[in-house]
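# using only what follows, build the 3D model:
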Amino acid sequence: MANSTVQFDLTNPQHVAMRKLMANVYARYTEARSQGMPLMALRYLGMAQGLEKVALYVLVDHTLHQLCFELTCSLHAMNSITRAEEMAA
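Numbers count the residues shown, from 1 in each chain. So this is what the prediction gives:
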């Protein structure tokens, strides 16, 4: 993930909860990829996008939105790399 200028506010319960959700989505995405389940991995990528929308439209928290956006970008990048490796094999 790129270096971020925004950080979780660990005194904010919403940030703590979102951090746990984001870590869970990331871990499940990587586990699905490592188990050879690309469709399941894409579902977790979709969940990351959902967290991004919740942060922006429900919580109206631009810091959380940026952090969720960075997670989504990271999962997209991993997905692209994995697909390229699979096609090269």
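# show me what contacts residue 16?
When contacts are counted by C-beta atoms under 8 Å, 6 or more residues apart in numbering, residue 16 is found next to 8, 10. To be clear about C-beta, it is placed using only N, CA and C from the backbone, and glycine gets the same treatment.
# and it, how far is that from residue 87?
Counting by C-beta to C-beta, to the nearest Å, the separation of residue 16 from residue 87 is 40 Å.
# what do you get for residue 21?
For residue 21 relative to residue 87 (C-beta to C-beta), the value is 32 Å.
# which one of those two is surrounded by more residues?
Comparing residue 21 with residue 87 by other C-beta atoms under 10 Å, the one with more neighbours is residue 21, at 16 against 7.
# name the helix or strand for the more buried one, please.
helix 13-34 (DSSP states H and E).
# who's in contact with stretch 39-59?
So stretch 39-59 is contacted by 14, 18, 21-22, 25-26, 28-29, 32-33, 61-62, 64-65, 67-69, 71-72, 75-76, 79 (C-beta under 8 Å, 6+ apart).
# how does it look with 10 Å?
Residues from elsewhere that reach stretch 39-59 (C-beta atoms under 10 Å, 6 or more residues apart in numbering): 14-15, 17-18, 21-22, 24-35, 37, 61-76, 78-79, 82.
# residue 37 and residue 53, how far apart?
Where residue 53 is concerned, residue 37 sits at a distance of 24 Å (C-beta to C-beta).
# try residue 68
Distance from residue 68 to residue 53, counting by C-beta to C-beta: 8 Å.
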